Each structure stands twice: as structure tokens, then as C-alpha cells.
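Take a look and give me a structure for this.
(chains A and B)
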Amino acid sequence: MESGATKSAVAPAPTPPGQQRDARGRAYRVLRPFLYQRELTPLLITIGLFVYFTIKAGSNFTDTLSLNSAAGYAGPVAAIAVGEVMLLVLGEIDLSAGQVFLFCPWVMYWLHNAGVPLFFAIVLALVAVCVVGAMNGLITVLLEVPSFVTTLATNFILYGAVLVGSNQLQASPIPLTGGNSFAAQAMGAWKWSEILWVLGITIVMTVVLTRTRFGVRTIATGGNIVGAAEAGVPIRRVKVWAFTLCSFLAGLIGIVDAIKYGTLDPGNFGVDYILYAIGACVIGGTALTGGRGTMIGAFIGAILIGVLEDGLTLTGVSTNDFFIWVGVVIIFAMALNVQFDRLIARSRAR
Amino acid sequence: MSAEPVPTPPVADGAPALEVRGLRKSFGALAVLQGIDLVLHPGEVLGLVGDNGAGKSTLVKIISGLFKQDDGDLLIDGEPVSFRSVEGARDHGIETVYQDLALIPQLPVFQNLFLGHELTTLGPLRLLRKGEMRRLSRQYLNDIHVAVPSVDAEAAQLSGGQRQAIAVARALRAARKILLLDEPLAAMGARESRLIIDLVKDLASSGRVSIIVIDHNYAHLFELCDRLNVMQGGRITVNQRIDETSLEQLTELMVSSYLRQVEEVRNAGA
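The predicted model follows:
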């Protein structure tokens, strides 16, 4: 604060704000890309892990079968995480998205068995999960139930619905599985189709968050809810739409995933997926404090978890180590994020 | 400057821009507003002063649609209106700058300036026209002499005064009819205060908008306002035109009205 004398009045020059000649200013300049591109840190870590495991496990790690299994594991987590980012940016959370991911293909399966043409069965299943998402949002904003609780309840309700509806019997075969038609290939039968869906969702959602009015209003609502309301942002409507969107994305990737693997197990519990997804969001640089988030980061976070699991398995380390490492990475990422936010707040532009 | 001799003082012919009649509001047992009558003429700047807890902010929040009154009427251009929300008030051309800072810390300056009025493409996606918003923001801030490091700087990086200037600038730009300023100079240094005062005076002299200002600084109010209303204990106790009064007179009026109040309380207690 001692350098207050050098107040630069004219500021069209692209000098980064807060440039000071002391050590802190230098540190800020070096850190700047990492502060504003939160995906950068997890990306570097992922690349580092990839290189490390390639050296350690060699061709075992890089052959397509192994990569495919890593992608198959990380894909659904990534898609769920990308939807979850919308809610974390709002300062809300959706714990039911993992169960929605499992529930949606069941609805498709039941409708199809009941004689509904497959196309309509898929559309109706997606509509159903949108209704679930909208209900999550409406209960949260109208009844003022914290979204943590609303969606926790939804998670159990959907799990129960699957158990009741399936009579605890596995579903198989899933329509389209192993099919050669374009529709079947596109909807998950081709081994790379799921990861392409996930990439597409990540790109579209990045555009939604950073380039649309809905995205700005989401950031505004999460960043300062009173200020956003005073500026005329319809905060409740924004929240309900975000819950709906998160549910829709989880349901969509759920159908693709079900067609890819060809069976549905009623015993799968959605919490397994959602906890990894939230972990992926955090690793990717999305704070749970609202107002900040990155879709690409969530995608990279999911890949990081996938690479970590695959790599540890293939290097012969016990798989149990994996959980310890995931925990360490999550804490490290979150602590880093909080410190980055503090650095931004301190680096007053002048 | 202008050829006209003196800007004609706002006259009370025709309907006032805003009229408040018998407004009451209680929070539980606490009667914050006890029958407020207030008139705001077109193109006028009305100053609202009073102690903390006199009910100024509550009054502003009712006019801006954030609170609903228990009793009493709001009339705009002589027509009774009833707002259900801030958007409802905004539809009637009322904009507000609140004491609590209204900016979003994580959004850049230009997106804060356009928040709630974003420029978008047509179609369901509503893509932001960022380039245009940046350009217009730069131009606008330049026009009104508000200096920020960059329109891409996040609001979190600005000083308190700069943030307030942006918040006021946004409301000034959006206000179509009535502008409510709740302590607009609270977080500001001398230079920034000067800037906001000039902004408000410019807008008022255009005659387009009527303005209510809450402030504690009499020097600022004397410079800004056409008329002052003093609020005490949920009522308006003094209504005085600035050009008919001096700072000393006003202080006297306030003190005597305050003493009268103390007297009333004492009598009621006896």
C-alpha cells in the first residue's frame, strides 16, 4: 500500500491490474493465468500424471483398451460434473444428478417395454428427468428448502423408484445396444460415441455459461444474490432452469451410457457418481462458494480422476490407494482455489 | 452556457412524477413509517434527511418495489400504482442504487453495467453481444468521466468508490422516470463524490428524470437538491425548498422539530 503515489490515471494500456514492483506484484504476474484460467492447474497435473503413468506402466497404460476404460469411467462423471457446475456457480448443489443418471434409462426401458416407440420413449424419459430437475428447483426456491436437502431427498426417492419399478431385477437387453444403425451407433453403441457426447456437452455448456444471458445471470445470482435481484435478474427463474438443465444433462448421458453397456443394475447407487462429479468440479477449479466455475475444468477434473484410477491400477498399486489420492487431490485443489480467490480480491486494480 | 436566463424551477402544475399518500409500514411491533406524505415533481431532485432509523431506507425500498407497504398509496403521474417486485417498479421507470453495493464481484465492469439489460442476439440462446457492450461501456464511462482500469476488470478489483460509481452509472443509464439514490456517496473519496454529484446534476437538468437522494452530508444535499424533506420518527417533519433556506435555517428547523418531538415523548410519559 506504500506505493499509493503512483496512481496511474490513464489506463487504456493492457497492463495487468495491480502491477507493483515488489515481490507480491511479481508473484501475481506469474500466477495471473492460473488465477483466471482455473483449468490450467488441473490440466498440468493431469498431463503430468499421464506422462508419469506412461513411463511407469508403458504400453499397458496407453493402449486403446486401457484408455477406453479410463474414458468410459470418466465420461459419465464428466457430463454430470459439467451440469453440476451450473448449480455450484449459483451457490446451490444437486446431489440427485447421479441418481438421475441411473434413473433416466430405466424410464426409457419401461416405456419401451410398455410399447412406446423407442424415439418417444427416449424423449419422454428426458422430459421426466427435466420435471425432476424443475421440481428440485421449485422446492428449493419456493419452499426455501436448502438444495442440499431437496436433492438428497430426490436422490433417495429416485433410488426407491428404480427398486420398486424394476422389482430388483436387472434390465437387459437395452434397446439399441450393439446395434449397427446410425441411431444406435450415435446413441452409445459405438465405443467412442459416449466420450464425444461428453465433449459436446462440455463445449455447449461452456458457451452457455460464458457467452449467454442465462450464463451471466447465473454468475450474477451466485456471486451476489441481493445485487442481482436489485439489478432485475429473475433469480428464482434462473435457479429453476439451472436445476432443470443439470438433470437433463445427467439423464441424457445416462441413456447413452446404458446403451453403451447394455444392462441396467437397480442396485447401483447414484451417490457414487455424484460425489466423484462434485470432486471433479472442485479439482477443476469450481469453488462451492458461488459466482465462479468452469465447465472445461470439471471435464479435466473427471479425466484426472479417471487417469489416476487407471494408472494406479495398472502400475500394480493396490486400488485402495486410489481413494486416498482422490481425497488428497480434492483438498489440495480446493485450498488452492480459495487462496486464488483471496489473491484476486487483494490485487486491487488501480 | 445556455441562452436561457435561469433554469425554470420545477413547478407543481400537472401531476407530480411521484406522490406518496399516508404510507405506513411496521416490522412487527416497530412502526417504521407512520403516515408519510411526499411529492416529487417532474425533473426535481428531492433530498431526504433524518437520523438513522428514521425510516428513510424503508421508504426507498417501498418505492423501489422491494418492500410492500401496510397502508397508503403510491401514485405515478397521478395514477395509483402497486408493485409486486423490483421488476414491477422498474417497469414504471424506477431505478434504485442501494446502500449495499449492487455489483457482482466476479463479473467484469462492462457486464455489471449491462446486468439486467444485457444486449443479446435474437433467438432462444440469447448469446451476449460482448464486443458491443464493451465498446458502449467504454464510451459511456468516458462520457461521464468515470475512470476504471479497464472495462474487463472484475468488480472485486475496484476500489469501493469505483464500485459505487459504476453502480450509480448503471442506474443513471437505466432510469427512465424516477431515480432513487440511497447514500450514493457513502463509500467515496472527495474526487469520486464530485463526479457523482455532477452526474446527478446533469441528469436532473435534462428534466428527463426525477430524483430522490438520501444523504447525511448537508453540503452535498444543498448542492444537489431543489428541495429537502426531513424525516423524524417515521414522519416527514420539514419540507423546505433549498433556494428559500440556508444551512443555518435548516439546522434550526431540524433542532426545533427534534425538540418538539422530545417534548411530545416527555409529555406522553408524564
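
What about residue 165, how many residues nearby?
You didn't say which chain, so I picked chain A. Using other Cβ atoms under 10 Å in any protein chain shown, the number of residues around residue A:165 comes to 15. No exception for glycine: its C-beta is placed from N, CA and C like everyone else's.

Chain B, not that one
Residues lying near residue B:165 (other Cβ under 10 Å) number 26.

Okay, buried residues for stretch A:189-199 please.
Buried residues in stretch A:189-199, counting neighbours by 16 or more other Cβ atoms under 10 Å in any protein chain shown, are found at A:189, A:190, A:193, A:194, A:195, A:197, A:198.

Show which residues not belonging to the longest helix along chain B make contact with it.
Taking DSSP state H as the assignment, the helix of chain B that covers the most residues is helix B:247-269. Contact with helix B:247-269 is made by B:49, B:218, B:219, B:222, B:228, B:230, B:232, B:233, B:237, B:238, B:240, B:245, as judged by Cβ atoms under 8 Å, 6 or more residues apart in numbering or on different chains.

shaky segments in the stretch 151-270 of chain B?
Where the stretch 151-270 of chain B drops to pLDDT under 70, the residues are B:187, B:269-270.

Could you confirm residue B:36 falls within a strand?
Yes: secondary structure assignment (DSSP: H, G, I helix; E, B strand; the rest coil) places residue B:36 inside a strand.

which ones are touching it?
For residue B:36, counting by Cβ under 8 Å, 6+ apart, the contacting residues are B:20, B:22, B:23, B:24, B:55, B:59, B:72, B:231, B:234, B:235, B:236.

On the three-state scheme, residue B:181 is what?
Of the three states, residue B:181 takes strand under three-state DSSP.

Near it, how many other residues are there?
Counted with other Cβ under 10 Å, residues neighbouring residue B:181 total 28.

can I assume it is in contact with residue B:212?
Yes: under the contact definition of Cβ atoms under 8 Å, residue B:181 touches residue B:212, with a separation of 7.0 Å.

about what we covered before: which of the contacts of helix B:247-269 sits closest to chain A?
For chain A, the nearest member of those is residue B:49. The distance, counting by Cβ to the nearest Cβ, is 23.1 Å.

just to revisit the earlier point, which among the contacts of helix B:247-269 end up buried?
Neighbour counting over those (16+ other Cβ under 10 Å) leaves B:49, B:228, B:230, B:232, B:233, B:237, B:238, B:240, B:245 as the buried ones.

picking up where we left off before, would you format the buried residues of stretch A:189-199 as a markdown table with secondary structure included?
Rendered in a markdown table, the data for the buried residues of stretch A:189-199 read as follows (three-state DSSP):
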| residue | secondary structure |
| --- | --- |
| A:189 | helix |
| A:190 | coil |
| A:193 | helix |
| A:194 | helix |
| A:195 | helix |
| A:197 | helix |
| A:198 | helix |
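
What is the nearest of the residues you listed to chain B?
Proximity of the buried residues of stretch A:189-199 to chain B was ranked by Cβ to the nearest Cβ; the top entry is residue A:197 with 19.6 Å.

wait, the closest one sits on residue A:252?
Yes: contact criterion Cβ under 8 Å: residue A:197 and residue A:252 qualify, at 7.5 Å.

quick one: common contacting residues for these two?
Residues touching both residue A:197 and residue A:252 by Cβ under 8 Å, 6+ apart: residue A:79.

Run a quick neighbour tally on residue 263.
Here I'm looking at chain A. Neighbour tally, residue A:263, other Cβ under 10 Å: 11.

Switch to chain B, please.
In terms of burial, residue B:263 registers 10 neighbours under the definition other Cβ under 10 Å.

same deal with residue A:131?
Counted with other Cβ under 10 Å, the neighbours of residue A:131 add up to 12.

helix or strand for it, which one?
Element membership of residue A:131 [criterion: DSSP states H and E] is helix A:118-142.

does any bit of that helix sit next to chain B?
No: Helix A:118-142 does not reach chain B (Cβ under 8 Å from any Cβ of the partner chain); its nearest approach is 14.0 Å.

Need the pLDDT of the closest residue to chain B within chain A.
Of all residues in chain A, the one sitting closest to chain B is residue A:232 (3.4 Å; Cβ to the nearest Cβ). Note on residue A:232: pLDDT of 81.

Can I take it that it is in a strand?
No: membership of residue A:232 in a strand is not supported by three-state DSSP, which gives coil.

so what's the backbone phi/psi at the nearest residue to it once chain neighbours are set aside?
With Cβ to Cβ, 6 or more residues apart in numbering or on different chains as the measure, residue B:116 is the residue that lies nearest to residue A:232, at 3.4 Å, once sequence neighbours are left out. The phi and psi values for residue B:116, taken as degrees, to the nearest 10, are phi 90, psi -10.

and residue B:116, what is it in contact with?
A:231, A:232, A:233, B:174.

out of those, who's nearest residue B:166?
The shortest approach to residue B:166 among the contacts of residue B:116 belongs to residue A:231, at 11.5 Å (Cβ to Cβ).
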